[in-house]
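1. Structure of the sequence below:
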Amino acid sequence: MSYSHKEHLHRFACWTAARAAQRGWGGGTTTTIIAALESTGFREKLSDIYQSSPTAAEFDQWHAERVGELTLILVDKLSKPQQNIYGRVAKIIAIYIKTVYVSQYPDAVLSKVAHPPIDGILLKEVKKKTHLKYPPKLGFHWSTFDAEAYQTALNYLREVNQGKAFWEIEEFWKATDAQNE
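-> Presented below is the predicted three-dimensional model:
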């Protein structure tokens with residue numbers, strides 16, 4: 001096997017995605033998360049959606065399907081599988097896409113519609129710095145979001161973003177604000 005840049009980027013994206021979502025997630029190890037990504041053919045499915053230049057609605061459907069696939073694999077590996085894991089799996093997907101596509105191709109259609117990594121830092125800063133009313137009962141604990149809470153957060157962030165490339169919402173996210181997370 002020759003070690004290509006594509007393989008290098010895939011490995012790095014798997015690692016960054018796993019590390020971003022695993023803190024405090026019993027059984028959600030880097031090895032487990034990477035195995036789930038690879039066993040579902042995530043890289044190939046992502047390449048397909050990238051090539052298709054999806055609308056936001058098409059991406060949302062694709063995303064929900066990937067969350068479902070990854071959840072089925074991961075739930076059996078977790079020490080507390082009854083917890084909502086939608087937010088964590090969504091973050092895995094977002095970080096992987098950000099690493100592989102958004103960082104390299106910010107003007108690509110996928111980069112414009114892909115969900116940003118949603119976490120407490122982003123949500124708190126958006127709430128603090130915008131005039132839009134924060135969704136009641138949403139909270140900031142992204143790691144416990146179910147599909148409904150995730151969609152509520154997504155809708156709120158889209159409203160704040162006002163049709164710009166979705167990665168641009170991350171102007172509100174700063175790693176230095178991580179102590180708030």
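2. In the chain, mark out all the strands, start to finish.
-> Assigned by DSSP state E, the strands in the chain number zero.
3. shaky segments in it?
-> The chain contains residues with pLDDT under 70 at 1, 27, 79-83, 177-181.
4. Mind doing that once more with 50?
-> 180-181 (pLDDT under 50).
5. Break down it into its helices, ranges please.
-> 5-22, 30-39, 42-52, 56-74, 86-97, 109-113, 120-129, 147-161 (DSSP state H).
6. Near the residue lying closest to residue 93 once chain neighbours are set aside, how many other residues are there?
-> Spatial nearest neighbour of residue 93, chain neighbours left out: residue 66 (5.7 Å); criterion: CB to CB, 6 or more residues apart in numbering. Heads up, the C-betas are built off the backbone N, CA and C, glycines and all. By the criterion of other CB atoms under 10 Å, residue 66 has 21 neighbours.
7. Just give the number of residues close to residue 91.
-> Considering only other CB under 10 Å, residue 91 is surrounded by 23 other residues.
8. Hmm, residue 145 and it touching each other?
-> No - if you go by CB atoms under 8 Å, residue 91 and residue 145 don't touch, sitting 9.4 Å apart.
9. Determine the residues that are contacts of both of those two.
-> residue 118 (CB atoms under 8 Å, 6 or more residues apart in numbering).
10. hang on, isn't residue 129 packed against residue 173?
-> No - assessed by CB under 8 Å, residue 129 is found out of contact with residue 173, at 11.2 Å.
11. Of the two, which one has the most company?
-> Neighbour count, other CB under 10 Å: between residue 129 and residue 173, residue 173 has more, with 18 against 10.
12. That one contacts residue 125, correct?
-> Yes - between residue 173 and residue 125 there is a contact at 6.5 Å, judged by CB under 8 Å.
13. Phi first, then psi, for residue 141.
-> With angles defined as degrees, to the nearest 10, residue 141 sits at phi -90, psi 70.
14. What residues does it make contact with?
-> Residue 141 sits next to 87, 120 when contact means CB under 8 Å, 6+ apart.
15. From residue 86, how far out is it?
-> Counting by CB to CB, to the nearest Å, the separation of residue 141 from residue 86 is 12 Å.
16. ok, now residue 127?
-> 21 Å.
17. Show the contacting residues for residue 95.
-> 13, 16, 17, 20, 21, 117.
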